[in-house]
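1. the following comprises the amino acid sequence and a computationally predicted model.
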Amino acid sequence: MVGALLLREWRILLRARSSIVNPLAFLLLSTLLFAIAAPQLVAESSERASGILWVLVLFTQLLSLDAMFRRDYDSGTLEQVMIMADVPFVAVLIRIFVQWMGTGLVIVLATPVIGPLLGLSWSAVPGTMLALLLGTPALSLLGSIGAGITVGFSRGGIILALLVLPLFLPVLIFGTDIVNAASAGLNYSYQIYWLALITLAALLVSPFAALAGLKISIEMQ
Amino acid sequence: MYFDSFAEFLRMGGHGLYVWVAYGSTLVVLLSAFFITRRTALNVEENIRWAMLSRQAEQISGVQIKEEVGNESET
Amino acid sequence: MKLNQKLKEYWHKLGSPRWFYQMTSGWVTFFGASAFLLLVAGVVWGLAFAPADYQQGNSFRIMYVHVPAAMVAQSLYIGMGVAGFIGLVWRMKLTDVAIGACLPLGMILTALALFTGGVWGKPTWGSWWEWDGRTVSTLILLFLYIGIYALREAIPDLNLRARASALASLVGTINIPIIKYSVEWWNTLHQSASFSLTEKPAMPAEMWLPLLIMVLGFYCFAGHQVLSRMRFEVLTRESSSRWVADLMQGKGVLVNSAKPSSSNREKG
């Protein structure tokens, strides 16, 4: 059952290549915007790069969250999965995982390109990738709650942002701090533990909450 | 009394403006919350009475609805 | 066993709107009167009798309105989270009424805390706004409130709105400790304010007693507001039921100024 669901999601992800390409294109495009609008910000220091990079990652995540359940919701597949699956919880978790692979994982892999473009020093790239690897799953998980509640709205984008962005804040704080510490050559294991803890807590809470939100949205249909 | 005179009290040792703006805004917020709640309470009561009256009037006859309602709003 | 039975009975009663309405009629008066007395006493003591702070002078008196507003604002959000939890688990209708009553008051008190904080910051820090840890936490609280407010506005169906906002406030409440901790961590990295406004090693009794009175007064005020709003929301939702009709046959139920309706009925 789990294998079949995973396979299905994976095939859909591969078939609809836009779900991987679009977030990446958005991230690159907004990097370009920053470089054009504020070249002095981008070129000057690594500390600024960490902030810009993380805010862009947050926005990229936010934009792709709206599509997380959208297609399955509109086609009615979501309702079927909820009824048919032995454990709808697992189905939701798989959906979140696949969404993360399309955005979070792609962002992590693109960091060696985008980071230096934003003025990040090469020595900070591994630390940044580690921070993103640990932090972006929390963004997908926490974001799934908001996505689940708002998928029934015709124009839920702004409400999704209002609901979800405050929850992203801890990830942003520890994430940027890891990048800063990595650029300065300092030890950042404490922040890594905290980021891992936040992601773990999000993993425990989010699928249940997202499931509850999806049930509400399905009744709204 | 901590202050020697009323003028001193108003001046608040040079911080009068800040202190009075803070207390004034608090007063405005608390009072408006109180009165908004009170007005909503009155509206709710009126709405329920209105609904009850029109239900009663419908039971008697269709013509009487307007008279009944008119009496209610005049008194 | 017997106690268990009794608790269960009480719990079921709590879910009944009618029982809630009858039970809380005295509480509203109590909270309202206490709030008035405590707030008047606290303001007079805090403004006129408490000694000035040795460092901040008289501007520290803003603390007596700023701190209670911030505390009550945060408590109301946590109250919404608790109500949301109860509502999701036991499907109690009353909890959504509670969330709807806490939300606007909590939102305006958060805004008030931010505003008075700014007014206090100007003579103390020298600027209206500092990105201080507490300021940021309060600002996030405001956004948490706004998120749930927007969500409630977007869902017209009462039942679904109740469940969605219960879920959102529960998730927000679970996140509050994490957000607070991470903002504190962030604050130690980017220390901008020279000292925190409210953290004092030792405050003499004549300084903290008025604060205690004001905090109690604000809580009583919030209790009065939330309960009265819940009461008339219950009446609205139950307006077609028998007990509300019976209630309305008597004299004014919500406010005493309402006229008796029996004379009107006789005329018709």
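-> Okay, I see it.

2. from here on, contacts and neighbour counts on C-alpha atoms
-> Fine.

3. tell me which parts of chain B are close to chain C?
-> By the rule CA under 8 Å from any CA of the partner chain, the part of chain B lying against chain C is B:1-3, B:9, B:12-13, B:15-16, B:18-19, B:21-23, B:25-26, B:29, B:33-34, B:37, B:41-42, B:44-45, B:48-49, B:52, B:68, B:71-72.

4. return the members of those residues classed as buried.
-> B:3, B:9, B:12, B:15-16, B:18-19, B:21-23, B:26, B:29, B:33-34, B:37, B:41-42, B:44-45, B:48-49, B:52, B:68, B:72 (16 or more other CA atoms under 10 Å in any protein chain shown).

5. check contacts around residue C:71.
-> Under the criterion of CA atoms under 8 Å, 6 or more residues apart in numbering or on different chains, the neighbours of residue C:71 are residue C:215.

6. for it, give its distance to residue C:138.
-> 10 Å (CA to CA, to the nearest Å).

7. state which helix of chain B is the longest.
-> Counting residues, the longest helix found in chain B (DSSP state H) is helix B:16-60.

8. what's that helix packed up against?
-> Helix B:16-60 is packed against helix B:64-74, helix C:63-90, helix C:93-125, helix C:205-237, with contacts defined by 3 or more CA pairs under 8 Å, 6 or more residues apart in numbering or on different chains; DSSP states H and E.

9. 10 Å instead?
-> helix B:6-11, helix B:64-74, helix C:63-90, helix C:93-125, helix C:205-237, helix C:242-249, helix C:262-267 (3 or more CA pairs under 10 Å, 6 or more residues apart in numbering or on different chains; DSSP states H and E).

10. turn those helices into JSON lines, including distance to residue A:124 and mean pLDDT.
-> Below are those laid out as JSON lines (distance: least, CA to CA, whole Å; pLDDT from 0 to 100):
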{"stretch": "helix B:6-11", "distance to residue A:124": "55", "mean pLDDT": "81"}
{"stretch": "helix B:64-74", "distance to residue A:124": "75", "mean pLDDT": "44"}
{"stretch": "helix C:63-90", "distance to residue A:124": "38", "mean pLDDT": "94"}
{"stretch": "helix C:93-125", "distance to residue A:124": "36", "mean pLDDT": "92"}
{"stretch": "helix C:205-237", "distance to residue A:124": "48", "mean pLDDT": "91"}
{"stretch": "helix C:242-249", "distance to residue A:124": "68", "mean pLDDT": "78"}
{"stretch": "helix C:262-267", "distance to residue A:124": "80", "mean pLDDT": "38"}
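
11. looking at these, spot the one closest to residue A:109.
-> helix C:63-90 (38.0 Å; CA to CA).

12. quick one: the closest one to helix B:16-60, angle?
-> On the basis of axes from the mean of the first three to the mean of the last three CA atoms, to 10 degrees, helix C:63-90 is oriented at 40 degrees to helix B:16-60.

13. spell out which parts of the stretch 1-150 of chain C neighbour chain A.
-> Counting by CA under 10 Å from any CA of the partner chain, the stretch 1-150 of chain C comes close to chain A at C:88, C:139-150.

14. and if we set it to 6 Å?
-> Neighbours of chain A within the stretch 1-150 of chain C, by CA under 6 Å from any CA of the partner chain: residue C:147.

15. show me what stretch C:115-133 is in contact with.
-> With CA atoms under 6 Å, 6 or more residues apart in numbering or on different chains as the test, stretch C:115-133 has contacts from B:18, B:22, C:66, C:183, C:184, C:187.
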